[in-house]
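> structure, please.
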Amino acid sequence: MLEISAKLEEALNRAFIKVFPKKNRSPKTSSILTSSYLVPASKPEFGDFQINCALALAKEIKQPPRDIAQLIVDQLQKDNEFLKICKAPIIAGPGFINLSINSKTLISQIHLRLNNKRLGVPLKEFSKTKKEEKENNRVIIDFSSPNIAKEMHVGHLRSTIIGDSLARVLEFCGYEVLRINHVGDWGTQFGMLITHLKEVVPEALHKKDVVEIRDLVNFYRQAKKRFDEDQAFQNKSRSEVVKLQGGDQESLTAWQLLCNQSRKEFQKIYDRLGIKLIERGESFYNKFLEDVINDLKSKDLLVNDQGAQCIFLDGLVGKDGKPQPIIIQKSDGGFNYATTDLAAIKYRFSNPPLGDGAFRLVYVTDAGQASHFFGVFQIAKLAKWIPKDYQVEHVPFGLVQGEDGKKLKTRSGETIRLVDLLDEAIQRAKKDLKDRLKMETRSESESFIDKVSTTVGIAAIKYADLSQNRVSNYQFSFDKMLSLQGNTAPYLLYALVRIAGISRKGGDLNVSSQNIQFNEPQEWSLIRKLLQLDCVIAEVEKELLPNRLCGYLFELSQTFNRFYDQIPILKAHEPSRSSRLALCSVTADTLKLGMTLLGIPTLDRM
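Reported below is the predicted structural model:
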């Protein structure tokens, strides 16, 4: 509908110029006429679009809103370009103008989407000759970001799948996306781990793969316990951090060992979830930290506070109400997360070969880090590291809660490992499938059962998360997310399975016939819903809210299921049979594309 709405806006602007000549407009009238006056209709019975400016104009030019609406309608009905798209406008209520797209335009739009991979979604074009425009094509999405020497847990789920979905959408729109995994592979915890490693397992420094990942997790807990309880160990650990940051070879060897083992386990999770990332942890920016300090000093932004180099920002106060400093360099010479994040922003906005040359940075982390990023972004702006009109934004998300409304944990109160969550979803999907097969007295191979249960289990977890407004907390429920009813992945998958079933029964979905005709209201409802895809993708691109796409796919599935249940497809006579198969084809392509953009695999049978 983007193309259609653009043409309607052009026609409306022509009508406005006739009715309200620019030389006669007051500033308020001009403001009203240049605002968002064309909106999607709130209900199907109101048509496809509404023009809602008459009421606002009535107060300004002292005329009844229906009279104003009539003046606009009269001009539209003289516009041949408008009449090619729309039926006659209808004035409703106190002065709303309802617009309905004519059948010829709707059918031509469906023709354009038949066997078209982009399904009407425009591809952004960037100049290959102007250097600055080529660089403006690059977006960096910083997501997932687990900590080395720790297992990925349910807390990493949202960042990982939200970030992946946003990357997929922006890539599809035409951006070059760098998917950065800013892993926690530097800092205080490594001083603690390396110190413990040197004392407890010194042979690990000289022999590969001595410590396995599960041992490493327990190893972390042991080191943390010592760090919390032993002041001497704590002091050694802090010194070890400085040695590591300074490039001490033995410390670097120990650090690399810990990173490699964690990395292998992270990759197993990413492979299961279908996630692609470029690992560029905190350590990558170590060589740029001194430059950050020097640059901030040269701009008189640093304040020495008890030996530490800090920045005080307006509006950033602690719980005691006093100004809260952001520590850039600690009194012992070490650096904080803020320093690394500042170095990352500086590098990511810098042009190659000194940086990534991005124009938009997106950080997908939990809402609890909002104040941290607020401070970091403010400092980067003060330092003038963010070029004019470039974007840096925090994409926050809420907590994953249990059905009791509390933070999701195991029965023993521990954080749930992500691998365990995925395993349980797959096992539950397998049980549900076997129960259904038994009820249907249907026999399937073990490979089929494994494939379907794995796909459904992973899809259910991803979709349950993505379908929520990311800003809110949401309650995790296996029963709800695996249900074949409601706004769930299995419901969407089942709509695709229905279409695949039509194909297996002899329906040719590779329809190319130009003789497409539609007469039933269920057909027109499905057509209108299919044509909304480009608008939804544009919303997700701008607002970075994957739940908008989920909501659309759910509504599309509902609309298709009513179409499927209420009118014949394979038994219909021509040209209705081919026409309805064409709608099935575009529906399948739209659902597959939408679910691919969510990072969700699909099935032909389940």
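> now do the top helix by length along the chain: everything it contacts.
Of all the elements of type helix in the chain, the one with the most residues (DSSP state H) is helix 249-273. Counting by Cβ atoms under 8 Å, 6 or more residues apart in numbering, the neighbours of helix 249-273 from elsewhere in the structure are 144, 146, 148-152, 160-161, 164, 183, 185, 190, 193-194, 197-198, 204-205, 208-209, 211-213, 216, 240, 243-244, 275-277, 279, 281, 283, 418-419, 422, 458, 462, 599. The C-beta positions use only the backbone N, C-alpha and C, and glycine is treated the same way.
> pretty sure residue 16 contacts residue 72?
Yes. In this structure residue 16 lies within contact range of residue 72 using Cβ atoms under 8 Å: 7.4 Å.
> quick one: low-confidence ranges for the stretch 401-550 of the chain?
512-513 (pLDDT under 70).
> what of the stretch 101-250 of the chain?
By pLDDT under 70, the low-scoring segments of the stretch 101-250 of the chain are 127-135, 207-214.
> so what touches the host helix or strand of residue 339?
Here residue 339 is covered by helix 337-349, with elements defined by DSSP states H and E. Counting by Cβ under 8 Å, 6+ apart, helix 337-349 makes contact with 140, 142, 182, 186-187, 282, 285-286, 288-289, 291-293, 295, 326-329, 354-359, 361, 372-373, 375-377, 379-380, 383, 385-387, 390, 392, all of which sit outside it.
> just these: which are in helices?
Within these, residues falling in helices by DSSP H are 289, 291, 292, 293, 295, 372, 373, 375, 376, 377, 379, 380.
> state the distance from the first one to residue 337.
The span separating residue 289 from residue 337 equals 12 Å under the rule Cβ to Cβ, to the nearest Å.
> what about those two, which has more around it?
Neighbour count, other Cβ atoms under 10 Å: between residue 289 and residue 337, residue 289 has more, with 21 against 16.
> quick one, strands of the stretch 1-150 of the chain?
Applying DSSP state E, counting those that start in this stretch to the stretch 1-150 of the chain gives strands spanning 38-40, 49-51, 90-92, 96-99, 138-142.
> export those to JSON lines and tack on mean neighbour count?
Compiled in JSON lines, those are given as follows (neighbours: other Cβ atoms under 10 Å):
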{"stretch": "strand 38-40", "mean neighbour count": "14"}
{"stretch": "strand 49-51", "mean neighbour count": "21"}
{"stretch": "strand 90-92", "mean neighbour count": "16"}
{"stretch": "strand 96-99", "mean neighbour count": "22"}
{"stretch": "strand 138-142", "mean neighbour count": "23"}
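> include distance to residue 454 when you put those strands into a markdown table, please.
As requested, these are exported to a markdown table (distance: least, Cβ to Cβ, whole Å):
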| stretch | distance to residue 454 |
| --- | --- |
| strand 38-40 | 38 |
| strand 49-51 | 43 |
| strand 90-92 | 51 |
| strand 96-99 | 47 |
| strand 138-142 | 26 |
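> residue boundaries of the helices in the stretch 401-550 of the chain?
Under the criterion DSSP state H, counting those that start in this stretch, helices of the stretch 401-550 of the chain are mapped to 418-439, 446-466, 478-481, 489-504, 521-530, 533-543, 546-566.
> want to try CSV for the ones you listed, with distance to residue 514 as columns?
Supplementary listing: the helices of the stretch 401-550 of the chain in CSV, determined by distance: least, Cβ to Cβ, whole Å:
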stretch, distance to residue 514
helix 418-439, 41
helix 446-466, 36
helix 478-481, 42
helix 489-504, 21
helix 521-530, 16
helix 533-543, 22
helix 546-566, 22
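> which of the ones you listed sits closest to residue 585?
Shortest separation from residue 585 across the helices of the stretch 401-550 of the chain is recorded for helix 489-504, at 8.0 Å, computed as Cβ to Cβ.
> quick one: residues in contact with that closest one.
Outside helix 489-504, the residues within contact range by Cβ under 8 Å, 6+ apart are 455-456, 459-460, 462-464, 481-485, 509, 553-554, 556-557, 560-561, 564, 569-570, 581, 584-585, 587-588, 591-592, 595, 600, 602-606.
> which of those residues count as buried?
The neighbour-count criterion (16 or more other Cβ atoms under 10 Å) marks 455-456, 459-460, 462-464, 481-483, 509, 553-554, 556-557, 560, 564, 569, 581, 584-585, 587-588, 591-592, 595, 600, 602-603, 606 among the contacts of helix 489-504 as buried.
> returning to that earlier point: select only the buried ones of the contacts of helix 249-273 in ChimeraX?
Of these, the buried ones can be selected in ChimeraX as follows, counting by 16+ other Cβ under 10 Å:
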select :144,146,148,149,150,151,152,160,161,164,183,185,190,193,194,197,198,204,211,213,216,240,243,244,275,277,279,281,283,418,422,458,462,599
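> in helices, which of the contacts of helix 249-273 fall?
With helices identified by DSSP H, the entries of these that belong to them are 160-161, 164, 190, 193-194, 197-198, 213, 216, 240, 243-244, 418-419, 422, 458, 462.
> now do residue 294 against residue 301, distance only.
11 Å.
> the two: which is more packed in?
When residue 294 and residue 301 are compared on other Cβ under 10 Å, the one with more neighbours turns out to be residue 301, at 17 against 11.
> thought the more buried one was touching residue 384?
No. The pair residue 301 / residue 384 is not scored as a contact, 10.5 Å apart, by Cβ under 8 Å.
> just to revisit the earlier point, what about the helices of the stretch 401-550 of the chain, which gets the closest to residue 28?
Shortest distance between residue 28 and the helices of the stretch 401-550 of the chain, using Cβ to Cβ, is found for helix 533-543: 27.4 Å.
> now the angle between helix 546-566 and the closest one, please.
For the pair helix 533-543 and helix 546-566, the angle between their directions (axes from the mean of the first three to the mean of the last three Cα atoms, to 10 degrees) equals 160 degrees.
> can you name every helix or strand that helix 533-543 contacts?
If you count contacts as 3 or more Cβ pairs under 8 Å, 6 or more residues apart in numbering; DSSP states H and E, helix 533-543 packs onto helix 2-19, helix 157-173, helix 546-566, helix 576-597.
> and the first one, what's its mean pLDDT?
Pointing back at helix 2-19 there. Averaged across helix 2-19, the pLDDT comes to 90.
> show residues contacting it.
Residues from elsewhere that reach helix 2-19, judged by Cβ under 8 Å, 6+ apart: 33, 37-38, 49, 51, 68, 71-72, 75-76, 79, 81-82, 85-86, 99, 101, 105, 109, 120, 122, 531, 534-535, 538.
> and for the third one?
Helix 546-566 is touched from outside by 162, 165-166, 169, 463, 466-470, 487, 491-492, 495, 498-499, 522-523, 525-526, 529-530, 532-533, 536-537, 539-540, 580, 583-584, 587, 590-591, 594-595, 597-598, with contacts defined as Cβ under 8 Å, 6+ apart.
> please spell out the PyMOL selection for the buried subset of these.
Burial among the contacts of helix 546-566 is assessed by 16+ other Cβ under 10 Å; the matching PyMOL selection reads:
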select buried, resi 162+165+166+169+463+466+467+468+470+487+491+492+495+498+499+522+523+526+529+530+532+533+536+537+540+580+583+584+587+590+591+594+595+597+598
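> circling back: quick one, which of the helices and strands packed on helix 533-543 is nearest to residue 398?
Between the helices and strands packed on helix 533-543, helix 157-173 lies closest to residue 398; by Cβ to Cβ that is 8.0 Å.
> gap between that closest one and the chain center?
Helix 157-173 sits 4 Å away from the centroid of its parent chain (Cα atoms, centre = their mean, to the nearest Å).
> run the angle between that helix and helix 446-466 for me.
Angular relation of helix 157-173 and helix 446-466 on a 0 to 180 degree scale: 90 degrees, by the same axes, to 10 degrees.
> kindly export helix 157-173 (C-alpha atoms) in PDB.
C-alpha atoms of helix 157-173 as PDB (Å, rounded to 0.1, in the frame of the first residue of the first chain):
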ATOM      1  CA  LEU A 157      17.200 -14.800  24.700                       C
ATOM      2  CA  ARG A 158      15.600 -11.400  24.000                       C
ATOM      3  CA  SER A 159      18.700  -9.600  22.900                       C
ATOM      4  CA  THR A 160      19.700 -12.400  20.600                       C
ATOM      5  CA  ILE A 161      16.400 -12.900  18.800                       C
ATOM      6  CA  ILE A 162      15.300  -9.300  18.800                       C
ATOM      7  CA  GLY A 163      18.600  -8.200  17.400                       C
ATOM      8  CA  ASP A 164      18.600 -10.900  14.800                       C
ATOM      9  CA  SER A 165      15.100 -10.000  13.600                       C
ATOM     10  CA  LEU A 166      15.900  -6.300  13.300                       C
ATOM     11  CA  ALA A 167      19.100  -7.200  11.400                       C
ATOM     12  CA  ARG A 168      17.000  -9.300   9.000                       C
ATOM     13  CA  VAL A 169      14.500  -6.600   8.400                       C
ATOM     14  CA  LEU A 170      17.000  -3.900   7.800                       C
ATOM     15  CA  GLU A 171      19.000  -6.200   5.500                       C
ATOM     16  CA  PHE A 172      15.900  -6.900   3.500                       C
ATOM     17  CA  CYS A 173      15.200  -3.200   3.200                       C
END
